[in-house]
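output the structure for:
(chains A and B)
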Amino acid sequence: NAGVTQTPKFQVLKTGQSMTLQCAQDMNHNSMYWYRQDPGMGLRLIYYSASEGTTDKGEVPNGYNVSRLNKREFSLRLESAAPSQTSVYFCASSDRGRAKNIQYFGAGTRLSVL
Amino acid sequence: AQTVTQSQPEMSVQEAETVTLSCTYDTSESDYYLFWYKQPPSRQMILVIRQEAYKQQNATENRFSVNFQKAAKSFSLKISDSQLGDAAMYFCAYMESNFGNEKLTFGTGTRLTIIP
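Next up, the predicted model:
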């Protein structure tokens, strides 16, 4: 009954440090997404993967890289963290097609960059 | 690019009363999907209701219903018999119908407070 699992839940980084946010889903979904949520701005798409082996940029991709390791896992990497990347990060997954396009979200990762 | 506008940053309602949250969107597409997500203090994003644009009938899920006005590009959420557990941020979201391009565009949210 896990759904979408994100690790870690909280992280504090210093400017310039790197880290990878992990996401895994157990619903056999084809599509996976990374969003960031900033105060007063709703969720914005960083990157998405429509299927294993493919990734595409979303609205705010600068400063991030992603890897779709397999069908279950989609990671988000910050190579050199900046204070502007302080945010809450959400991973989501969905199936594809008219009746299946509901996105299910993980619990989020709160990241602070000092 | 599509945009989603939620013009009410905050709303409050008395417990057991009815409240309506507003959402408008901009698109040139005729086929698309609209969603309302709830985010309680736990931060978890929870789907409340989903509407397919090609369906004229308004979606309903228990105490939650929508008023979908396609020509006006309006998608409001009505919560009936409000309960304390309904207190949360509510986000309206838009999705194109293109296969393989199921990206969500979110509004900025409405914070709903339930008054006991």
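
quick one, what contacts residue 109?
Answering for chain A, as no chain was given. Contacts for A:T109 were tallied using Cβ atoms under 8 Å, 6 or more residues apart in numbering or on different chains; they are A:6-11, A:21, A:88-90. Heads up, the C-betas are built off the backbone N, CA and C, glycines and all.

not what I meant, chain B
Under the contact definition (Cβ under 8 Å, 6+ apart), the residues listed for B:G109 are A:42, B:6, B:9, B:39, B:89-91.

what secondary structure does B:G85 sit in?
Under the three-state scheme (DSSP: H, G, I helix; E, B strand; the rest coil), the conformation of B:G85 reads as helix.

so how far is chain A from it?
As for B:G85, its distance to chain A is 18 Å (criterion: Cβ to the nearest Cβ, to the nearest Å).

please identify the helix or strand for the residue nearest in space to the middle of chain A.
Taking Cα atoms, centre = their mean as the criterion, A:W34 is the residue nearest the geometric centre of chain A, at 2.7 Å. Element membership of A:W34, judged by DSSP states H and E, is strand A:31-37.

got the contact list for that strand?
Surrounding strand A:31-37, the residues in contact under the criterion Cβ under 8 Å, 6+ apart are A:21, A:23, A:25, A:43-51, A:58, A:60, A:64, A:66, A:68, A:74, A:76, A:87-96, A:103, A:108, B:100, B:102-104.

list the neighbouring strands of it plus their orientation.
Sheet neighbours of strand A:31-37, with direction, are listed as strand A:43-49 (antiparallel), strand A:87-94 (antiparallel) (DSSP bridges).

what about residue 45, neighbour count?
Just so you know, I chose chain A. Per other Cβ atoms under 10 Å in any protein chain shown, the neighbour tally for A:L45 reads 20.

actually, chain B is the one I wanted.
Residues lying near B:M45 (other Cβ under 10 Å) number 26.
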